[in-house]
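Student: Whatever this is, show me its structure:
(one chain, ligands or ions: 1)
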Amino acid sequence: MEQIVIHGGRKLSGRVQVSGAKNSALPLLFATLLAPGTHRLTNVPALRDIDTVEKLLVTLGAEVRREGDLFEVCLNGKTETTAPYDLVRTMRASVLVLGPLVARLGHARVSLPGGCAIGARPINLHLKGLEAMGAEITLDHGYVEARCDRLKGARIYLDMPTVGGTENLMMAAALADGTTVLENAAREPEIVELAEAINAMGGKVAGAGTDTVTIEGVDELRPLEFTVMPDRIEAGTFMIAAVMTQGDIEVVGALPDHQEALVSKLEEAGAIVTPFDGGMRVQGTGTIQSVDIRTRAFPGFPTDMQAQFMALMCLANGTSVINERVFENRFMHVCELQRMGADITIEGHTATVRGIKKLLGAPVMATDLRASASLILAGLAAENTTQISRIYHLDRGYEQIEKKLNALGARIERCRADGV
Ligand code: EPZ
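Tutor: Predicted coordinates:
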C-alpha cells in the first residue's frame with residue numbers, strides 16, 4: 001500500500017494549473033451513451049474514477065482511446081445495458097448510466113451503489129423521476145432495472161437539489177418524447193456544463209444553473225466534442241493551501257463564479273484573493289481568523305470543501321462552527337486531525353473547532369476523498385512529518401497532487417508503507 005509523507009512547515013508560492021473537473025467529466029463521459037458514433041472529450045483528468053468510467057464504458061460495449069487528457073469513446077457496435085456491481089461499488093457515480101441507457105435503448109440494469117463512507121447516498125429521487133417519465137423500475141438482487149419503450153416528458157419536483165439526480169434526469173429527458181421540467185434542480189457548474197454538452201449533441205436544454213431546468217426531448221443526438229472545465233474543488237484546495245502555509249499561490253483554473261462562497265469565507269478569514277485572467281491569486285497574511293460555515297447546495301458553501309476548510313480553521317484565532325448540512329457522515333477527517341493536535345468537538349452535524357497555534361505531524365489515515373485533501377493541507381502546515389496512509393482515496397479525485405504541491409515549494413514523497 002502506498003503512503004504520502006509530508007515534511008511540513010514550508011510556505012507555498014508560485015503558479016499551479018488545476019486539472020479538468022472530475023465531477024463534470026464523469027457525467028459528460030456517461031452522456032456519450034446517448035448517441036452512437038465517436039465522441040471526443042479533452043481536459044479529462046487522469047484519476048482512478050476516470051479509469052473506472054473507462055472500464056464501465058468498455059463493459060457496455062464502447063471502444064475507448066485515451067491519450068493524455070483526450071478521452072475518445074466509440075459506440076458503433078451493440079451497447080450493453082448492465083452496469084455490474086464490481087464497478088458500481090467502486091464508484092457510485094456509475095448510476096449515471098441509468099438515464100442515458102434507458103433513454104436511448106429502453107433498458108438499463110445497474111447495481112445499486114450502496115452507501116459509502118460519507119453517507120447512505122440513496123438514489124430514490126433518480127428513480128422517482130424516471131418513473132414519472134414512464135419507466136418501469138424494479139429492484140432485485142441488489143440491482144435496479146429500468147425499462148421503457150420511450151420515456152415521456154414530465155414535470156418532476158425534486159425533493160432536494162440532487163446533483164446526480166438532476167444529471168441523470170437531464171440525460172434521460174434529452175431523448176424523451178415531449179418536454180420535461182425539473183423543479184428544485186441542482187444549480188452546480190457541473191449541471192450547466194452537462195446542459196451545454198447535451199445541447200452540443202443536438203439536445204434542447206434550457207435553464208441549467210437555475211432551480212428549474214427544461215429539457216425538450218429530441219429523436220436522436222450526435223456524438224460529443226467537448227472540453228471539460230477546470231476542477232473547482234481541486235482549485236479550492238490549492239487556494240486553502242496558500243492560506244494555511246502563509247504562502248502566495250496563483251491558481252490557474254480557479255474561476256470566480258465557481259468560488260464565490262469559498263472566496264467570501266477565505267477573505268473573512270483574512271486571506272487576500274485577487275482574480276486574474278483565468279484564475280485567482282491567493283495570499284496568506286500571517287493570521288487566520290476563525291469563520292463559521294454551513295455547507296449547502298451550490299451556490300452555498302460546497303460540502304466538498306468542508307474538510308479542507310476545517311483543516312484551515314484548526315489554525316485560526318478563535319473558535320469556528322462548521323455545520324455539514326448535505327451528508328450525514330462527513331466528519332471522518334476529524335479524528336485524524338485530532339491526532340495532529342487539532343481541538344475539535346462534534347455534536348451531530350456540527351463540529352466546533354478551537355484554533356491552536358500549530359499542528360504536529362503524525363501518522364494519519366485517509367478515509368474518503370476530501371478527508372485525504374484535508375490531511376494533506378494539515379500536513380503542509382504542521383511541524384515535522386506527516387504520513388498519510390490509504391491514499392487510494394486521494395487518487396480518485398486529485399491528479400498528481402504531490403507533484404503540483406512540490407512545484408510550489410512543498411516537500412512531499414509518495415512511497416510504499418513499511419511492510420505492506
Ligand atoms: C455529487 O454527488 C458529487 N459527486 C459529490 O462529490 C458532491 O459532494 C455532491 O454531489 C453534493 O454536491 C459527483 O458529482 C460524482 P447529491 P451526488 O445527489 O450526486 C441526498 C466528491 O467528493 N439524495 O447531490 O451523489 C444524498 O443522500 C463527491 O467529489 C437523496 O436523498 O450528491 C445527499 O444527502 C462526494 N436521494 C444529498 O441528497 C437521491 O436520490 C446530496 O446528494 C439523491 C440524493
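Student: hey, let's count contacts and neighbours off CA atoms from now on
Tutor: Noted.
Student: Do you know the pLDDT at Asn329?
Tutor: Looking at Asn329, its pLDDT stands at 88.
Student: That one and Gly115 touch, don't they?
Tutor: No. In terms of CA atoms under 8 Å, Asn329 does not count as a neighbour of Gly115; the distance is 10.8 Å.
Student: Those two - which one has more neighbours?
Tutor: Shown here are Asn329 and Gly115; by other CA atoms under 10 Å, Asn329 has more neighbours (15 against 12).
Student: For the nearest residue to the more buried one once chain neighbours are set aside, grab the count of nearby residues.
Tutor: What sits nearest to Asn329 in space, not counting adjacent residues and going by CA to CA, 6 or more residues apart in numbering, is Ile118, at 4.7 Å. Using other CA under 10 Å, Ile118 has 17 other residues around it.
Student: Could you measure from Ile118 over to the ligand?
Tutor: 8 Å (CA to the nearest ligand atom, to the nearest Å).
Student: Run a quick neighbour tally on the closest residue to the ligand within the stretch 301-420 of the chain.
Tutor: The stretch 301-420 of the chain approaches the ligand most closely through Phe327 (4.4 Å), counting by CA to the nearest ligand atom. Neighbour count for Phe327, taken as other CA under 10 Å: 15.
Student: what sits against the residue lying closest to it once chain neighbours are set aside?
Tutor: Once flanking residues are discounted, Phe327 sits nearest to Gly119: 5.9 Å by CA to CA, 6+ apart. The neighbourhood of Gly119, defined by CA atoms under 8 Å, 6 or more residues apart in numbering, consists of 327-330.
Student: hang on, the earlier thing: could you pull up phi and psi at the residue nearest to Asn329?
Tutor: Main-chain torsions, Ile118, degrees, to the nearest 10: phi -90, psi -10.
Student: tell me the contacts of it?
Tutor: Counting by CA under 8 Å, 6+ apart, Ile118 touches 327-330, 332, 368.
Student: What is the most widely separated pair among those?
Tutor: Farthest-apart pair in the contacts of Ile118 is Glu328 and Asp368; separation 13.8 Å (CA to CA).
Student: Neighbour count for the two, which is higher?
Tutor: A side-by-side neighbour count of Glu328 and Asp368, using other CA under 10 Å, places Asp368 first with 20 against 14.
Student: In this structure that one contacts Leu394, no?
Tutor: Yes. Using CA under 8 Å, Asp368 is in contact with Leu394, at 7.4 Å.
Student: Where does the residue of the stretch 301-420 of the chain closest to the ligand fall, secondary structure wise?
Tutor: Assigned by DSSP states H and E, Phe327 falls within no helix or strand.
Student: From Ile391, how far out is it?
Tutor: Distance check for Phe327 against Ile391: by CA to CA, to the nearest Å, it reads 22 Å.
Student: now swap in Gly8 and tell me
Tutor: Plainly put, Gly8 is 18 Å away from Ile391 if you go by CA to CA.
Student: Of those two, which one has the most company?
Tutor: Taking neighbours as other CA under 10 Å, Gly8 and Ile391 compare with Gly8 leading, 24 against 20.
Student: That one: what's it in contact with?
Tutor: 361, 379-386, 410-411.
Student: how about Glu267, secondary structure?
Tutor: Following DSSP: H, G, I helix; E, B strand; the rest coil, the label given to Glu267 is helix.
Student: excluding its backbone neighbours, what's nearest it?
Tutor: Val273 (6.9 Å).
Student: quick one: the strands in the stretch 51-200 of the chain?
Tutor: 63-67, 70-75, 82-83, 107-111, 136-140, 143-147, 155-157, 179-183 (DSSP state E, counting those that start in this stretch).
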